[in-house]
Each structure stands twice: as C-alpha cells, then as structure tokens.
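# Mind folding the following:
(chains A and B)
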Amino acid sequence: GEQVEQLPSILRVQEGSSASINCTYENSASNYFPWYKQEPGENPKLIIDIRSNMERKQTQGLIVLLDKKAKRFSLHITDTQPGDSAMYFCAASSNTNKVVFGTGTRLQVLP
Amino acid sequence: DMKVTQMPRYLIKRMGENVLLECGQDMSHETMYWYRQDPGLGLQLIYISYDVDSNSEGDIPKGYRVSRKKREHFSLILDSAKTNQTSVYFCASSRDWGAYEQYFGPGTRLTVL
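Model (predicted):
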C-alpha cells in the first residue's frame, strides 16, 4: 500500500539547537500534510499542518516546508527545549485518500 | 470542548477471550478510526468508519471487527484475542476522511496473556 517514509527514526540534539525531520510521500494527489506530537504516555496531537497551496508555514518555533515536485515535506524545530522531547509523526492525505502516517521520529533534546 | 474518549484505559485479558474497546466523540465527526501502536511501527490503521454502518478495512484488519451504530460511538472487537494483539489502541475522529485534522483519544493499553 501507499507509504510515507519518515527519517530519522531517532534524533538527538543539544538544547537550543534546531531539529529537522523529513518525510517523503508517494501519492501525488496528496494535498494535506499534518504533523503530530506524541509525548510519553499521551495521545498524538496536531502541532502544525500545511496544505499543498503553500510551500512554507511557521508557528511558535515550528517551520514546515513542502516540496511538491520532490514529494517531500519537513518539520524544523528551532531553539529546541526539553519540552520538545517526544515522538513526532508526519502524515499525508488528500480529499480522495485517507491519511497515511510515517513511522515516527523520537526526538531527544539533551541538556 | 472537543473530546474523544476511550474505555477502558487499561485491560488485561487471557488468550481466547473476547475484547470490546469503546470510543466516543462529542464533535459530530463523520469519520472515526481505530489504530494500534507498537514500538517502531508507528500508527497502524485497523479500521476506518465513514459514518454509521459504513466501515472499511484499514491496513491490518485481520483479527478485528468494528461496530458503529451511532455517529458518536465506534467499537473495536477482538473475537478470541491473541497474544500478538497486545498493544496500545488509539481511536480517532475527524470531520471528514480526507484532508482534515484527526483528534485522538487517550488510548487503551491492552495486554493479552
């Protein structure tokens, strides 16, 4: 079936530095790309999303980039803090296809 | 307050027993989902429901069935549970099944002995 590849699976960064997670998708009809954050023992929660009519979106220290030609999108967390340590999932969907999740990235922000 | 609830939160069953996991949402969302989450495998879609009595298999439906008789409730049933069904199960809902945010419940940790 359709897949969304997410890398890296584990990411360790120093507090205050930036972190980047990359995803690629297969379905060229995909037009909605959400990112979910899951803290230990909690449920996934939407933190930012981007639609295909945009190439860049930024909110509260988070930046998402979308390259439709390469079928690639990415999440960038600037000035990472301990509270950013969590699992992050990317996903892709469209108005005609159900959402497909990436396999997740475990981000560890080191003091 | 938009909310997805799941019951029970923790469950221990013996192999061969039947399991019923319940999910509710108060947002009148048409679409609801059941996922299981295992370490290193992310969120695997078990079933998707587009509305009452309109259910479709996801990526890993074997060993599971679902029931949706009211828009706000979506049940996951394991007939004769197996040890490899030990997992964390998440229910989610969204306004529609395509390009919309999913709201996840708190999860049910199921252990099958």
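# Beta-bridge partners for residue A:110, please?
Taking DSSP bridges as the rule, residue A:110 bridges to residue A:14.
# what's the neighbour count on it?
11 (other Cβ atoms under 10 Å in any protein chain shown). For the C-beta atoms, the positions are set from N, CA and C on the backbone; glycine is no exception.
# check contacts around it.
A:12, A:13, A:14, A:15 (Cβ atoms under 8 Å, 6 or more residues apart in numbering or on different chains).
# Which PyMOL command selects the buried ones in those?
Here is the PyMOL command that picks out the buried ones among the contacts of residue A:110, judged by 16 or more other Cβ atoms under 10 Å in any protein chain shown:
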select buried, chain A and resi 13
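# Residues in a beta bridge with residue 56, which ones?
Looking at chain A here, since you left the chain open. residue A:65.
# other chain: chain B
Applying DSSP bridges to residue B:56, the residues it is bridged with are residue B:48.
# can you tell me how far the one residue in chain B that gets nearest to chain A sits from residue A:15?
Per Cβ to the nearest Cβ, residue B:99 is where chain B lies closest to chain A, at 3.2 Å. Look at residue B:99 and residue A:15: by Cβ to Cβ, to the nearest Å, they are 35 Å apart.
# you'd agree the residue of chain B closest to chain A is up against residue A:32?
Yes - with contact defined as Cβ atoms under 8 Å, residue B:99 counts as touching residue A:32 (3.2 Å).
# Look at those two and report which has more neighbours.
Using other Cβ under 10 Å as the criterion, residue B:99 and residue A:32 rank with residue B:99 on top: 22 against 19.
# Am I right that the more buried one sits in a strand?
No - looking at residue B:99 with DSSP: H, G, I helix; E, B strand; the rest coil, it is coil, so not inside a strand.
# Might you list the low-confidence residue ranges for the chain?
Going with chain A. A:1 (pLDDT under 70).
# my bad, chain B
Looking at chain B by pLDDT under 70, you get B:1.
# Please enumerate the helices of it.
In chain B, no helices are defined using DSSP state H.
# and it, which residues reach chain A?
B:40-43, B:45, B:48, B:59, B:90, B:97-102, B:104-107 (Cβ under 8 Å from any Cβ of the partner chain).
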